[in-house]
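A.B. asks: Everything below, folded, please.
(4 chains)
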Amino acid sequence: MVVKVQSAPFDPGAELTAFSKTGDNIGAVVSFTGLVRDVADGLQEMTIEHYPAMTERAIAEIVDEARTRWSLADALVIHRFGTLHAGDTIMMVATSSRHRADAFAAADFLMDYLKSRAPFWKKEVTSKGDGWVESKAEDEDALCRWDR
Amino acid sequence: MVVKVQSAPFDPGAELTAFSKTGDNIGAVVSFTGLVRDVADGLQEMTIEHYPAMTERAIAEIVDEARTRWSLADALVIHRFGTLHAGDTIMMVATSSRHRADAFAAADFLMDYLKSRAPFWKKEVTSKGDGWVESKAEDEDALCRWDR
Amino acid sequence: MVDVLYFAWVRERIGLPNEQVETKAATVMDLVEELRAREERYAVAFSDISALRVAVDQELAEFDAPIGTAREIAFFPPMTGG
Amino acid sequence: MVDVLYFAWVRERIGLPNEQVETKAATVMDLVEELRAREERYAVAFSDISALRVAVDQELAEFDAPIGTAREIAFFPPMTGG
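C.D. replies: A predicted model of the protein is given here:
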């Protein structure tokens, strides 16, 4: 498992290529890439704040939970912080497994948990001012899918 | 939408990088890569046969169905035929959308349908002989998830 | 006259990838019956149609589908793509 | 003595990212009450704790969690990663 929390840009394609070589006899690799979207008022920039002492451990715990639930060969999480612009890559997740169902479910689970349980906060600066992105009820609801 | 059916190898990472630039104001890209796994008796090679006159159209219809169900900015399917070896990339799917739920669901749906509805057949050559890969009841069952 | 195509183990059992067939079969199943009656290798390939799939003019179809003016009928095992 | 950390709009409303706080609070909620009583900016930041989350020693916790020997308490809005 690799967890990277960084301000530097990264290339999800190059990461996917490297990641696909790490698993032993894998049949399925799923990746998710999150990008900065423009917003109605015109996004000038997005600033992502995080809690450095907690972030990597919180992500590692979420990945560990995924590994107890599904049979994974490997998992990768990269999440940026700092100042980004529309179209920039914010983060990526990748999972590999012998079978596609495990790789898909684990990547979906990781995204739902990273969204609401990893200590990142996004602020948008638009032509009309700036504001913190609010968490959505649907993101919290999404976690219920994984109750057991 | 791009559908490629080819015998040539391809680099899923490079394809993901190119694909991530095609959508307009996308927030989420999901990719799936399928690789040749080794089998118990030692895989010497895998041969994938397809139905050339039907393959691209069958895939395009599956992608069209996904686009009626979810809000997608773009979709990509690449599937190889011919002779492959353990670790080789067989195929990939990528979807992009404003929101992660659409990108995930559509990629998952595409995989389930490509598995059982696109005209490809796999033959494995092992140290103990060769045989056609049989379809699994679970692959057919997986399609029921998408009934509506 | 229709083009009949065979893929995967259906192709191997029958021993050829495609052939032109003179037929007045009304449905796919009628065509299957005609082929079964030809030779042992056809009878073997078509012995259990629950293990087969069919496409009429490159669209998946049922075995009771009419052939009508179709030009191409393909028989094959369940697909194993992905 | 605990390190108290603030993130996102909690940091902005209180006006600093962290501070050392002398406290005998038994629970997180007791600490919140002490902070609220300090100054208006704290009272505003902590006015609705349903809009806040807390981590004790870098682990998510509930507001009724005991502080015990914890060294670091962080307050922040719901996370918006991903």
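A.B. asks: hey, let's count contacts and neighbours off CA atoms from now on
C.D. replies: Will do.
A.B. asks: what's downstream of the helix of greatest length in chain C, the next helix or strand?
C.D. replies: When chain C is parsed with DSSP state H, its longest helix is helix C:28-36. Downstream of helix C:28-36, the first helix or strand assigned by DSSP states H and E is helix C:40-45.
A.B. asks: Output that following helix as PDB, nothing but the C-alphas.
C.D. replies: C-alpha atoms of helix C:40-45 as PDB (Å, rounded to 0.1, in the frame of the first residue of the first chain):
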ATOM      1  CA  GLU C  40     -22.200 -35.900 -36.700                       C
ATOM      2  CA  ARG C  41     -19.900 -32.900 -36.100                       C
ATOM      3  CA  TYR C  42     -22.900 -30.600 -36.500                       C
ATOM      4  CA  ALA C  43     -25.100 -32.800 -34.300                       C
ATOM      5  CA  VAL C  44     -22.300 -32.700 -31.600                       C
ATOM      6  CA  ALA C  45     -21.800 -28.900 -31.900                       C
END
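A.B. asks: Briefly note if the helix or strand that that helix is followed by comes near chain B.
C.D. replies: Proceeding N to C from helix C:40-45, the next assigned helix or strand is strand C:53-56, under DSSP H and E. No - judged by Cα under 8 Å from any Cα of the partner chain, strand C:53-56 stays clear of chain B, getting no closer than 8.9 Å.
A.B. asks: quick one: contacts of strand C:53-56?
C.D. replies: Contacts of strand C:53-56 from elsewhere in the structure, counted by Cα atoms under 8 Å, 6 or more residues apart in numbering or on different chains, are C:60-63, C:67, C:70-78.
A.B. asks: Out of those residues, list just those in helices.
C.D. replies: Using DSSP H, none of the contacts of strand C:53-56 sit in helices.
A.B. asks: Make TSV from these and add distance to chain D to it.
C.D. replies: Shown next, in TSV, are the contacts of strand C:53-56 (distance: Cα to the nearest Cα, whole Å):
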residue	distance to chain D
C:Leu60	40
C:Ala61	43
C:Glu62	45
C:Phe63	48
C:Ile67	53
C:Ala70	51
C:Arg71	52
C:Glu72	50
C:Ile73	49
C:Ala74	47
C:Phe75	47
C:Phe76	44
C:Pro77	42
C:Pro78	39
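A.B. asks: any chance of these in TSV, plus pLDDT, neighbour count and distance to D:Arg11?
C.D. replies: Shown next, in TSV, are the contacts of strand C:53-56 (pLDDT from 0 to 100; neighbours: other Cα atoms under 10 Å in any protein chain shown; distance: Cα to Cα, whole Å):
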residue	pLDDT	neighbour count	distance to D:Arg11
C:Leu60	97	18	61
C:Ala61	97	16	64
C:Glu62	98	13	65
C:Phe63	98	20	69
C:Ile67	97	21	73
C:Ala70	97	13	71
C:Arg71	97	14	72
C:Glu72	98	18	70
C:Ile73	98	22	70
C:Ala74	98	23	68
C:Phe75	98	24	68
C:Phe76	98	23	65
C:Pro77	98	23	63
C:Pro78	97	24	60
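A.B. asks: wait, isn't C:Leu16 in contact with C:Val4?
C.D. replies: No - using Cα atoms under 8 Å, C:Leu16 is not in contact with C:Val4, being 10.2 Å away.
A.B. asks: Which of the two has more residues huddled nearby?
C.D. replies: Higher neighbour count among C:Leu16 and C:Val4: C:Val4, with 17 against 12, using other Cα atoms under 10 Å in any protein chain shown.
A.B. asks: How about that one, nearest residue that isn't a chain neighbour?
C.D. replies: Excluding the flanking residues, the one nearest C:Val4 by Cα to Cα, 6 or more residues apart in numbering or on different chains is C:Ile73, at 4.9 Å.
A.B. asks: coming back round to it: hey, C-alpha coordinates of the longest helix of chain C in PDB?
C.D. replies: Only the C-alpha atoms of helix C:28-36 are listed here, as PDB (Å, rounded to 0.1, in the frame of the first residue of the first chain):
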ATOM      1  CA  VAL C  28     -33.000 -19.900 -36.100                       C
ATOM      2  CA  MET C  29     -34.100 -23.200 -34.400                       C
ATOM      3  CA  ASP C  30     -35.300 -24.500 -37.800                       C
ATOM      4  CA  LEU C  31     -31.800 -23.800 -39.100                       C
ATOM      5  CA  VAL C  32     -30.200 -25.600 -36.200                       C
ATOM      6  CA  GLU C  33     -32.400 -28.700 -36.900                       C
ATOM      7  CA  GLU C  34     -31.200 -28.700 -40.500                       C
ATOM      8  CA  LEU C  35     -27.600 -28.400 -39.500                       C
ATOM      9  CA  ARG C  36     -27.900 -31.100 -36.900                       C
END
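A.B. asks: Pull the number of nearby residues for the one residue in chain C that gets nearest to chain A.
C.D. replies: Proximity of chain C to chain A (Cα to the nearest Cα) peaks at C:Gly82, 9.6 Å away. By other Cα under 10 Å, 28 other residues sit near C:Gly82.
A.B. asks: ok, the nearest residue to it once chain neighbours are set aside - contacts?
C.D. replies: Nearest residue to C:Gly82, sequence neighbours excluded (Cα to Cα, 6+ apart): B:Lys115, at 4.6 Å. Neighbouring residues of B:Lys115 by Cα under 8 Å, 6+ apart: B:139, C:79-82.
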